Each structure stands twice: as C-alpha cells, then as structure tokens.
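Enquirer: need coordinates for the following:
(2 chains)
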Amino acid sequence: MRSVIDIMDLSTAEIQDLIVTAEDIIENPDQYAHACERKKLATLFFEPSTRTRMSFEAAMYELGGHVISMSEANSSSAAKGESVADTAKTVSNYVDIIAMRHPKEGAALVASMNASVPVINAGDGGHCHPTQTMADLLTIWREKKQFDHLTIGFCGDLKFGRTVHSLAGAMARYEGTKLVLISPEELRLPDYVKKNILAPAGVPFTETTDLEGSMNDLDILYMTRVQRERFFNEEDYLRLKDRYILTEEKLKSAPERMIVMHPLPRVNEISVAVDEDPRACYFKQVLYGKYMRMALILKLLKEAGRL
Amino acid sequence: MNIDSIRNGIVIDHISPGKGMRLVQLLNLDREDMSVAIIKNVHSRKMGKKDIIKIDAEIPVDLDVIGFVDPEATVNRIQDGVLTEKKKIVQPKQLVNVIRCRNPRCITSVEQEIRHVFVLRDDGYRCLYCETRAEEDRK
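Expert: Residues are numbered from 1 along each chain as shown, chains lettered A, B, ... in the order given. Take a look at the predicted model:
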C-alpha cells in the first residue's frame, strides 16, 4: 500500500505529475468536483493543527468526497491508550485514505505499516511534513516556472524547522540549486541534513547570521517561525524568537525577483505590512497546498485501486 | 594472563579494544547462566590490543549484533576442543530490537510494543522512525 510519509517518497517525476494535476485542478475545478464521490478521508490529528486539517478537509470536499475527523486526541481512543498501530488498523475499515498528524516522530510511518489504506503524513513532530513541501514546490513552480538554478535563502529556525529540511531535500534534487542558510548559531541546519542531503547532491551552501546582507543573491527567501513547542527550555525560546523580523524596510534592498515564502503560521517574523508586497507568496502557499493535497489524494487513491 | 581453552562453545575474537563489554551486554551474555570469559586488552600482533569473549556453551549468537558493534570481529565455533567453523561477520543492513532509540520525540519512546529498528545509512545506523543516530555511532 503506497503511503507518503516523507517528501523523498515521491520522485521528481511524480512531483512534476502532481504539479500538472494541481494546475489542471486550478484551471478546471468542475472536472474534479466528483472525482472522489463516495470516498472517505479520515483526518487523524493527535495534536492541534487547524490549518493543515482544514486544508485536507477542503481538498477532499472539493473532490466530492467525505471526511471523518478525529481532531481531539484527548477525546478519542488515543486518550484511552490505544496505539497508533491499532488506530490505523481500525480506521482503515471505515475510510479510503488517512491523513495523520502526530506529535511523535515516526508515528505516520507506524500508521502506514499497519493501515490497509494509504496514509499521508500531515506532520510527525519535528520530522516530516511532505504536503507542506508539496505546497512550497507548487508555489515555486507557479512563481518561477522552474526548479533548476534557484538560490534559496532559509531564515530562522533551521534546526527544528522540518519544512526547511524537507524543502532543502526536495530542492537538492534539482540542478544548480544553491542554499543560503541564515540563522542564529544555536538554530543552524543540523549536520546530518548537510551530510546526508546536501553533500551527496553536491548542493553548495553558505551559512550566515546576516539576513539583510544575504538577500541580494536570493531567488527565494523562505522565512520560518521559531517554534515554542520544539524547545525544552523556555529561556532559549524567548532569547531566539525575535532574532529575524522581515520588514518592508528590509525588503526595499531585496531584488525584485526574490519571492518571500513562509510555511505559516507566522508570529512576528514577517511584518503584516510585507503582505502587500507583490513578492509575498505565503498566502498563495496556503491555497496551493490545498490543490497539491487534492492531487495527492487522487494519486494515492488511484494507486490503491480505490478510484 | 591465561584463560583455559573451551571444549564446546564460541570464541568471539579480534574485538576492538573496549568493545567487548558492550558486546556482552547486547548479546545478553551477562544474563545467561553459562561460563563466559571477557578478556580485555589482550596483546594482538595484528591489532596491537584486542578483546576476546569465550562462551563455554554452544548457544546461538546473533551475528547481526556482532556486526553492529564490531564488524572486524571474528566468531569461531569450537567442538570437542577443535575449531569447526569460522563465521564471516558483516555489518547488518538493519537491526531489530538490539538497541533502543534515545530520541524522546520518537514514537518508540511512548509506544512500547513497536519494534526498535535501526537502518544502516551512509553515516551509520539511524532509527527507522525518526532518523536519529544510534547512540553507539555518536561516540
């Protein structure tokens, strides 16, 4: 049973196919309005995430399907001590596909090993969040019309930021990708990402603490939030959370071609005034995320022989 | 220092110095009821120093565990005082329930029945679920 746990589960050819489907859905939404009729998606969210859950649910509704939701882990069988494996086995009997978010890393993989329907990882702790990366990729594609020869600046929490690791990995597969890693010393990209993802692909990268001085080289600036929930120590969080704030003023010196992305939600790392700048693409990412989830649901249901 | 030869059992030889005790632990030899000799820092012409483990019983040993701790080690089976078999040790591609993932954020930290699986990657063993490196590889 094919599931998608990590963005690397999808080849670049498959990503291109998903982009073609997503763009077709954008152009011809009516043609997909009944594509998943009588099919059910379960959204199993063991930790709160309104936006991702709503995106999956909107995606399934727009495909004409139904959604069964478990949004409160503490009111479900999980609170009674049921394992992820048993939950996956049970829910497989009710639905055609599962989207799951869990605070523990690897939970979605465990679910996929036990489910008899496809499982989409909707975030497993600080580990993977492939459909966010798919949203990022469709945004880049629609804004840049290419994946090759792009210079991407990642800014903020590069240590715990799973979206950064996933997108860096996904972009490392394209020719001519260059990365500029902008972060405080304490939140630098982990060595294993550099060693296992960037080095084998030969992706050149520079590390810096200077955001403004780096912007001139960038095609994409990917801002991230310093996530409170990833810190064991509140003091460290408070010390690092406001280190980078992108303002209109700072953006003045940035090149016209440089789009600004952010996986959202933001706290204060991008001023609200920046939203009006044509280079701001983070709300488009939200919309594109829904289309890519639609494309992925279709692909996995077809592969599972359920469509 | 002399340790008697064994008549029927297993000798794990050419263990890198210092790794003998870990091997005893992971092979659960410390919990078994047979005679086991752990000889540390023995002079070796080839290695300078080495550890040796002699097990005075014909028990099955998990070669994957040995391959994980020290793929350079050798395993000799002794029967009636004669060497009857030399086992080739290779690094296993996957380790199941040998070591535990120490990442408190890993699903294995909260769900006890999940098998602890580590997979051999370019930079050593990593947890199948969360990709955290095995403790032994960090040393």
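Enquirer: what about the strands in chain A?
Expert: Taking DSSP state E as the test, the strands found in chain A are A:40-45, A:66-70, A:97-102, A:119-124, A:151-155, A:178-182, A:205-208, A:220-223, A:259-261.
Enquirer: do chain B as well
Expert: Going by DSSP E, chain B shows strands at B:9-15, B:36-44, B:48-55, B:74-79, B:82-87, B:94-96, B:117-121, B:124-127.
Enquirer: could you report the neighbour count for the closest residue to residue A:195 other than its chain neighbours?
Expert: Nearest non-adjacent residue to residue A:195, counting by C-beta to C-beta, 6 or more residues apart in numbering or on different chains: residue B:123, 5.7 Å away. Placement of C-beta: from N, CA and C, glycine included. Here the number of neighbours of residue B:123 (other C-beta atoms under 10 Å in any protein chain shown) works out to 13.
Enquirer: how close does residue B:123 sit to residue A:221?
Expert: To residue A:221, residue B:123 is 30 Å away according to C-beta to C-beta, to the nearest Å.
Enquirer: domains in the chain, as residue ranges please.
Expert: No chain specified, so I'll use chain A. A:7-129+A:289-303, A:131-285 (automatic domain parsing).
Enquirer: looking at chain B here, not the other one
Expert: According to automatic domain parsing, the ranges for chain B are B:9-87, B:94-138.
Enquirer: next, the distance between the ends of the longest one.
Expert: The distance separating the two terminal residues of domain B:9-87, taken as C-alpha to C-alpha, to the nearest Å, comes to 13 Å.
Enquirer: who's in contact with residue B:20?
Expert: Neighbouring residues of residue B:20 by C-beta atoms under 8 Å, 6 or more residues apart in numbering or on different chains: B:38-40, B:51-53.
Enquirer: what residues does chain B put near chain A?
Expert: Applying C-beta under 8 Å from any C-beta of the partner chain, we find that chain B lies next to chain A at B:103, B:105-111, B:113-114, B:121-123, B:127-133.
Enquirer: just the buried residues of those.
Expert: B:103, B:105-109, B:111, B:114, B:127-133 (16 or more other C-beta atoms under 10 Å in any protein chain shown).
Enquirer: closest to chain A among the residues you listed?
Expert: residue B:129 (2.4 Å; C-beta to the nearest C-beta).
Enquirer: test my guess that the closest one contacts residue A:111.
Expert: No. Taking contacts as C-beta atoms under 8 Å, residue B:129 lies outside contact range of residue A:111: 11.0 Å.
Enquirer: can you name the residues that contact the residue positioned nearest the centre of chain A?
Expert: Centroid-nearest residue in chain A: residue A:132, 1.5 Å away (criterion: C-alpha atoms, centre = their mean). Shown in contact with residue A:132 (C-beta under 8 Å, 6+ apart): A:52, A:123, A:163, A:166, A:263, A:289.
Enquirer: what's the closest of the domains of chain A to residue B:7?
Expert: In terms of C-beta to C-beta, the element of these nearest to residue B:7 is domain A:7-129+A:289-303, at 45.6 Å.
Enquirer: tell me how far the closest one lies from the chain's centre.
Expert: Domain A:7-129+A:289-303 has its C-alpha centroid displaced from the chain centroid by 13 Å (C-alpha atoms, centre = their mean, to the nearest Å).
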